[in-house]
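**Student:** please work out how this folds:
(2 chains)
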Amino acid sequence: MRTVILQTSIRLLMPLFIIFSLFLLFRGHNAAGGGFIGGLLASIGLFTRSMILGVNNTIAKYKIQPIGIIASGLLVSAISVISPIFLGKPLMTGIWFDFTIPLIGKIGTPLFFDIGVYILVIGVVSNITFTLSKN
Amino acid sequence: MVIILTISLLLTFISIPVHRLSPNRTGNWLSLFPLGIFALALSKLDHVIRQGSIIEKYSWISSLNLNLTFRLDGLSVFFVLLISGVGFFIFNYANGYLWEDKNKRLFYLYLSLFMTAMLGLVMSGNLIVLFIFWELTSLSSYLLIGYYHNNEESRKSALMAMLVTVSGGLFMLAGFILIGIEVGSYELNDIITNINVLSESKVKPLIAILILVGASTKSAQFPFHFWLPNAMAAPAPVSAFLHSTTMVKAGVFLIARLIPLFADTGVWSLTLIHIGTITMVYGALSAFLHNDMKKVLAYTTISALGIMTMLLGIGTTTSVQAAMVFLLAHALYKSTLFMVTGNIDHEAGTRDLSALSGLGKFMPFTFYSSVLASLSMAGVIPFFGFIAKEILYGATFSAPFASGLIGFLTFSTGVIFTSIAFEFGYKIFTGEKSTMPKKPHEAPASMLIGPIFLATLGLVGGIFSEQLAQPILHHSSSQILNIEKVLKLGIWHGFTLIFALSLLTLLLGYILYKSRKNILTISSKFKLTELFGPEKIYTKSITALLEIAKKQTLFFQSGNLKNYFLVIVATLLVLVWTQMLYLGEFPSLQSFEELTRLKWYEIIFILIMAIGLVNTIAAQSRITSIVSLGLIGYGTAATFLYFGGPDVAMTQFLVETLTIVLFVLTLNHLPKFIPLSRTSKPKLLLLPLLFGATLTILLLWIHTLQTPSPVKDFYAQSSYLLAKGRNVVNVILVDFRGLDTMGEIVVLAIASLGIFSLLKYTSKNT
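**Tutor:** Numbers count the residues shown, from 1 in each chain, chains lettered A, B, ... in the order given. Coordinates of the predicted model:
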């Protein structure tokens, strides 16, 4: 797998993987995509990179601690689930802000929930693939 | 009083950061929190006494009519003061006791969690809220007992304590739910105002019994007491805090809380008196027969809890007042004695009563506190223990029935307590120094503040009982009884019969102490301590449970992937065909007409998938087989795309890719590949073929049935209106069914942790 062509191209492709996965994540609410799909795509990118350039190289480059990523994903989702309580609304009520951000769109708690899913999926997949390839 | 809970919760969250900033003084810093809570509760005391209870209510789950209600009344303010006051010393004590411990940050975390749960428990004004905090104390107690988790005994004891108290808690929950059904509210206030509804209910005795099971497991009443002596595997500060002064008194607290509801139920008071008396006598006798200081204290605690239960069961004004006075006296001397035991264990290396003597010269301050606490335990004038004993004897001898028997048993328990007090306050500190594993020396200051202060309070509180203890105890007992009743504390009541009995207790206690050695020699021949126990029932049922689990696992989990598939496929086939035969409905030939309407690209997808299938079966190596399998998956995904499911299609594409990747990674770990053509079992093909055919027919059939789906229309219509998203699939995932997704990602996280640890272990072992 360690051919020069592959090694060079994956370095160039990695940002594309990440950007495209983020694109899928943010468009998810209105078109095909979402946190789960985006997360899967990003983690496939990460895994491809680690197949070509080595697991340790990838871990060092992106400073990945899978279990930490899983925990922060859960945390982000959990916070978005709980936060409506502080506005006196039931758990999981979708709260949307009025303004929109270019490229991302409307901001609201369901979006953060999806971001949590995205982070968690990356954590889960890289946790499994990295441990397997280290064996 | 949400502010108290917030402070305590804050303590839980900052315990680890504080440890990072000041690793050697964590306990000292953290102890400021309980001190603050103590001060806060004290400042509210006047308000509670003069203007009645403070109630705060927050809506929690409005659709279930559940509120977070907290109340600070005469009873709960007493417990809050007790928990935070003792808690302050315990945090300081832990600082010295765990000086060299590497994991102590976790200890502080668990301890703060426990304190939060306990404070929440006593302040709950709603039964469901109370239950949640109740189980939280069990959980944090599990973590604390199992703190030395490298030791198997610790782990076993922790599990035992949790299983016993949590299962008791479930009985209690059942009782609470019955109350909720009968009264229509879980609010304590509503229940007490609607007391008639409950009184007329037929299930009231059942409710009483269910709640008493919960209270008995928590307060270590016979026959559920056995977890408490085992819980002594915990570090000394835990024993001094949870297992003598606070958590084990939760059961007593619950009984006290519910007395207004059940005082007129015969079952309630009879059960309480019986359980309490048996526990009292059993605990005292067992304490006398043991030599491990911690075990002795544990059994005397069981006995003392029995006394409180019994007193609350008797239910007269004096007896309820006596229960509260005794509870305070016991908390003061027992936490001191536990800390004293911790000091001795820590500095002398043993806690065997028979092996210790002459410690006084080396540990003067520990000696001082132990003497004071023991004098209070024995009930010597003018200690607070004396006042408690007077009112205790008074209450039992004036009980409405069987007063002679109950009084005599209480008196005998008092005699045993006195003999044990001689051991703790006299025997181990005086005489010649015995040989000990460590060279004994005085404990550090942080381990002395608590015992010295609490023991001295036992003396000061006795002398100034009218000023210090009377107001609060008066209000807590009035709160329990739900009517104002005067409580008068004092040392001197004249030469009464009770006073004579009190003196006789001391004398007989001394005689018993002197003859203890001989009694122990005789009793050790009979192995009385190992003779009988509900503990054996517990151990046996746990062993049986594990055995059954093992057998059923071996039966269902063969570990052979082929078998799993066969079982799943066969089960589905049987279910589908039985249902069809049962209904007598079968797919009509009409269903197959659908097949004639295939588009040209659909045929191409089918062909691709068919090629993939044939290739998978005919493959000569595993890698070919896996890649061909991927082809089928991609074909399916492409079909989804054409039928308007882009989200599902995308997910399918990505998952297929990942599956292939994971297969490739595990390739080396899998057993040797045997191509299907070379296996001698073509009959294995029969089941899959039948399965495929059944599913095909079923899917075609479903397509012709055309049942209306209101759910589909609802989501399609309200996706944008209610959830501001046009992608229905995503809106369902993150909004409409967000709770499911939350559950799923938690499962994913846990599964991934499981895979991680499994892989790590296997790679280490091989």
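**Student:** residue B:328 versus residue B:250, what's the distance?
**Tutor:** 16 Å (CB to CB, to the nearest Å). In this view, the C-beta of every residue, glycine as well, is placed from N, C-alpha and C.
**Student:** ugh, typo on my part, it should be residue B:706
**Tutor:** With CB to CB as the criterion, residue B:706 and residue B:328 are 74 Å apart.
**Student:** more crowded one of these two?
**Tutor:** More crowded of residue B:706 and residue B:328, by other CB atoms under 10 Å in any protein chain shown: residue B:328, with 24 against 7.
**Student:** wait, that one sits on residue B:474?
**Tutor:** No. Checked against CB atoms under 8 Å, the pair residue B:328 and residue B:474 is beyond contact range at 12.0 Å.
**Student:** quick one: distance of stretch B:131-149 to the chain centre.
**Tutor:** In terms of CA atoms, centre = their mean, to the nearest Å, the centre of stretch B:131-149 is found 5 Å from the chain centre.
**Student:** show me where chain A has strands.
**Tutor:** Remark: strands assigned in chain A by DSSP state E are A:96-101, A:105-108.
**Student:** not counting sequence-adjacent ones, nearest residue to residue B:368?
**Tutor:** residue B:452 (6.7 Å; CB to CB, 6 or more residues apart in numbering or on different chains).
**Student:** give me the number of residues near that neighbour?
**Tutor:** 18.
**Student:** could you measure from it over to chain A?
**Tutor:** 44 Å (CB to the nearest CB, to the nearest Å).
**Student:** check which helix or strand that residue maps to.
**Tutor:** Applying DSSP states H and E as the criterion places residue B:452 in helix B:446-463.
**Student:** over to residue B:634?
**Tutor:** Short version: residue B:634 belongs to helix B:622-642, going by DSSP H and E.
**Student:** please work out which residues outside that helix touch it.
**Tutor:** B:601-602, B:605-606, B:608-609, B:611-613, B:615-616, B:619, B:646, B:648-650, B:652-653, B:655-657, B:659-660, B:663-664, B:667, B:670, B:673 (CB atoms under 8 Å, 6 or more residues apart in numbering or on different chains).
**Student:** residue B:49 versus the nearest residue to residue B:260 once chain neighbours are set aside, what's the distance?
**Tutor:** Spatial nearest neighbour of residue B:260, chain neighbours left out: residue B:482 (4.4 Å); criterion: CB to CB, 6+ apart. According to CB to CB, residue B:482 stands 16 Å off from residue B:49.
**Student:** ok, stretch A:28-46 near chain B or not?
**Tutor:** Yes. Counting by CB under 8 Å from any CB of the partner chain, contacts between stretch A:28-46 and chain B involve A:28-37, A:40-41, A:43-44.
**Student:** hey, which of the strands of chain A is tucked in deepest?
**Tutor:** strand A:105-108 (a mean of 17; mean count of other CB atoms under 10 Å in any protein chain shown).
**Student:** just name the shakiest helix or strand of chain B by mean pLDDT.
**Tutor:** helix B:528-531 (a mean of 61; mean pLDDT, DSSP states H and E).
**Student:** quick one: neighbours of residue 31, just the number.
**Tutor:** Since no chain was named, I'll use chain A. 14.
**Student:** actually, chain B is the one I wanted.
**Tutor:** 24.
**Student:** please apply the same query to residue A:43.
**Tutor:** Around residue A:43 there are 27 residues (other CB under 10 Å).
**Student:** quick one: residues contacting it.
**Tutor:** Residue A:43 neighbours (CB under 8 Å, 6+ apart): A:121, A:122, A:125, A:126, A:129, B:658.
**Student:** swap in residue B:595?
**Tutor:** Counted by CB under 8 Å, 6+ apart, residue B:595 has contacts residue B:700.
**Student:** no further queries at this time; thank you.
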